[in-house]
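Chemist: Sequence and predicted structure are below.
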Amino acid sequence: MRISANRLPTMASVGLLVPLALTAFVSTSATNAQEPQSEATNPTYSGLWETSYGRMRLIQKGSTVSGEYSYTSSSTIAGEIEGSRLTFRYSEGETQGEGWYELAEDGESFHGRWREKGSERWSRWKGTRVHPEKGIIWLVILEAHWETSLAEKEYAFGDMLRSYFTMESAHHVRVRYRTFHDEKDLRRWSREIRYLAEPVALLISTHGTPRGVQVAGEVIGAEALADCVRGCHNLEVLHLSGCSMMAGGIPAAIQKSIGPAQKLPITGYTTAVAWDASALADFVYLSMLLIHRMDPVEAVEQTHLLAPFTREDRLPGARFQALGLRVLGPGGKSSATGSDDTAGIGRRSESQQRQPGKKTQPPEEDTQR
């Protein structure tokens with residue numbers, strides 16, 4: 001670590017380090033989104049902390065502690081506990097060092113010191129435990145830029161969603177909206193989900209294909225998408241709002257890559273969705289998830305009832321083609337082939353937001369996403 005004008009070891013600096021565009025829901029499974037808290041008889045380092053150098057998420061297993069913090073995009077920490085003292089090494093990319101923390105008796109704070117490798121100077125590093133705010137959920141919207149030239153008008157679905165959730169019935173929903181330009185951007189914003197204390201629903205709004213997310217002429221595939229959400233145990237649902245992203249093997253590949261310990265439902269569309277149809281579908285679906293507090297399976301079922309064009313089959317005479325709104329439960333079961341087993345998922349799952357898919361004009365339909 002380096003002490004400089006750009007790095008003041010103060011708690012106030014943390015607020016500037018964690019601008020998040022994410023989403024969340026609280027429910028019967030809200031405990032899944034919260035790391036173990038301290039106990040009077042057995043305080044632990046596990047949990048979320050506000051520290052001198054950004055928010056930090058720690059996991060304690062026996063006498064071993066590991067975690068990440070938000071000071072840089074690659075800040076990690078690992079160490080061993082003896083008594084109440086954690087002796088650790090940290091890494092911030094090219095910078096490494098060592099230090100120690102002393103946990104308070106109530107497990108609600110720690111204080112310690114750190115020094116950069118090769119330095120004799122020790123500096124302070126303290127932290128305070130962050131507790132989830134009861135009833136709060138996050139909707140995080142990560143949206144790619146749609147425009148490819150000056151000839152195209154600006155479009156932002158995230159702005160519409162942010163305005164929608166200002167209604168009184170959605171006072172418990174905190175919306176964060178960010179745009180991304182490439183895979184590096186998407187990884188950056190996704191990584192910050194773990195630094196929220198409450199449950200989160202993540203919506204990725206982009207052009208889509210069965211091969212993955214399209215942005216800037218490139219496709220972000222399953223392994224990169226899995227890396228974006230891996231370790232975000234407060235993430236309750238991932239909504240892929242682009243065209244046809246549920247038609248291929250992307251959702252199943254994401255779940256396989258992150259492993260069964262991280263139970264993550266994934267929702268999205270199996271077809272190339274029209275702009276207006278997807279907007280209507282996503283607003284209904286998000287309302288079921290975030291306002292009416294349904295889990296992803298219930299929300300999809302209700303959306304199919306309230307907006308039949310979101311089903312797998314096209315109704316005779318319907319103006320919109322069938323969107324094929326689908327959920328893949330954490331057990332690998334799809335709503336297209338049977339009931340999803342999403343036990344343990346929060347009462348609210350991630351919202352599905354309208355994402356532009358393919359820019360084509362099918363017969364008798366509007367431009368698609």
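Modeler: Perfect, I can see it now.
Chemist: How are the helices of the protein distributed by residue range?
Modeler: For the chain, the helices defined by DSSP state H occupy 157-164, 183-191, 222-229, 250-258, 275-286, 296-306.
Chemist: now the angle between helix 222-229 and the fourth one, please.
Modeler: Here the directions of helix 250-258 and helix 222-229 differ by 60 degrees (axes from the mean of the first three to the mean of the last three Cα atoms, to 10 degrees).
Chemist: can you check the first one too?
Modeler: For helix 157-164 against helix 222-229, the angle between stretch directions is 30 degrees (the same axes, to 10 degrees).
Chemist: Any buried residues in helix 157-164, and which?
Modeler: Using 16 or more other Cβ atoms under 10 Å as the test for burial, helix 157-164 gives Phe157, Gly158, Met160, Leu161, Arg162, Tyr164. The C-beta positions use only the backbone N, C-alpha and C, and glycine is treated the same way.
Chemist: circling back to that earlier point, out of the helices of the chain, deepest packed?
Modeler: helix 275-286 (a mean of 23; mean count of other Cβ atoms under 10 Å).
Chemist: buried residues in stretch 105-115?
Modeler: For stretch 105-115, using 16+ other Cβ under 10 Å, the buried residues are Gly107, Glu108, Ser109, Phe110, Gly112, Trp114.
Chemist: Dump those residues into a markdown table; add pLDDT and distance to Thr128 as well.
Modeler: As requested, those are exported to a markdown table (pLDDT from 0 to 100; distance: Cβ to Cβ, whole Å):
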| residue | pLDDT | distance to Thr128 |
| --- | --- | --- |
| Gly107 | 96 | 11 |
| Glu108 | 97 | 7 |
| Ser109 | 98 | 5 |
| Phe110 | 98 | 8 |
| Gly112 | 98 | 13 |
| Trp114 | 98 | 17 |
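Chemist: Tell me the spacing between Gly248 and Glu92.
Modeler: 37 Å (Cβ to Cβ, to the nearest Å).
Chemist: Check Met288 too.
Modeler: 42 Å.
Chemist: residue ranges with poor pLDDT in the stretch 201-350 of the chain?
Modeler: 336-350 (pLDDT under 70).
Chemist: try it again with 90
Modeler: 216-217, 273-275, 314-316, 330-350 (pLDDT under 90).
Chemist: re the thing from before, among Met288 and Glu92, which residue is more densely surrounded?
Modeler: Just comparing Met288 and Glu92: by other Cβ atoms under 10 Å the higher neighbour count belongs to Met288, 25 against 19.
Chemist: you'd agree that one is up against Thr303?
Modeler: Yes - taking contacts as Cβ atoms under 8 Å, Met288 lies within contact range of Thr303: 6.1 Å.
Chemist: can you list the domains in this structure?
Modeler: 38-129, 137-328 (automatic domain parsing).
Chemist: and the ones you listed, which is most packed in?
Modeler: domain 137-328 (a mean of 21).
Chemist: Please, where are all the strands along the stretch 201-350 of the chain?
Modeler: 207-209, 212-215, 218-220, 235-240, 266-269, 325-328 (DSSP state E, counting those that start in this stretch).
Chemist: for the second one, the distance to its chain's centre please.
Modeler: Spelled out, it's strand 212-215. In terms of Cα atoms, centre = their mean, to the nearest Å, the centre of strand 212-215 is found 17 Å from the chain centre.
Chemist: got it, and the third one?
Modeler: Averaged C-alpha coordinates place strand 218-220 at 19 Å from its chain's average position (Cα atoms, centre = their mean).
Chemist: got it, and stretch 202-211?
Modeler: 14 Å.
Chemist: what's the answer for stretch 298-313, then?
Modeler: The answer for stretch 298-313 is 24 Å, by Cα atoms, centre = their mean.
Chemist: same thing with stretch 180-200?
Modeler: 6 Å.
Chemist: so who does Glu301 touch?
Modeler: Neighbour list for Glu301: Ser335 [criterion: Cβ atoms under 8 Å, 6 or more residues apart in numbering].
Chemist: nope, Glu82 is what I was after
Modeler: Per Cβ under 8 Å, 6+ apart, neighbours of Glu82: Ser63.
Chemist: ok, Thr95 touching Gly118?
Modeler: No - using Cβ under 8 Å, Thr95 is not in contact with Gly118; the gap is 10.4 Å.
Chemist: ok, Arg85 to Arg113 distance?
Modeler: For Arg85, the distance to Arg113 - Cβ to Cβ - is 11 Å.
Chemist: for Ala307, same thing?
Modeler: The value you get for Ala307 to Arg113, if Cβ to Cβ is used, is 58 Å.
Chemist: Pop out the phi and psi values for the residue in the chain sticking out farthest from the centre.
Modeler: The C-alpha centroid of the chain is most remote from Glu120, which lies 39.3 Å away (Cα atoms, centre = their mean). Torsion angles at Glu120 (phi, psi; degrees, to the nearest 10) stand at phi -100, psi -10.
Chemist: how close does it sit to Arg176?
Modeler: If you go by Cβ to Cβ, the gap between Glu120 and Arg176 works out to 41 Å.
Chemist: Need the nearest residue in space to Trp114, chain neighbours excluded.
Modeler: With Cβ to Cβ, 6 or more residues apart in numbering as the criterion, Trp114 has its nearest non-adjacent residue at 3.3 Å, and that residue is Gly99.
Chemist: Quick check: Trp49 touching Trp125?
Modeler: No - contact criterion Cβ under 8 Å: Trp49 and Trp125 do not qualify, at 10.5 Å.
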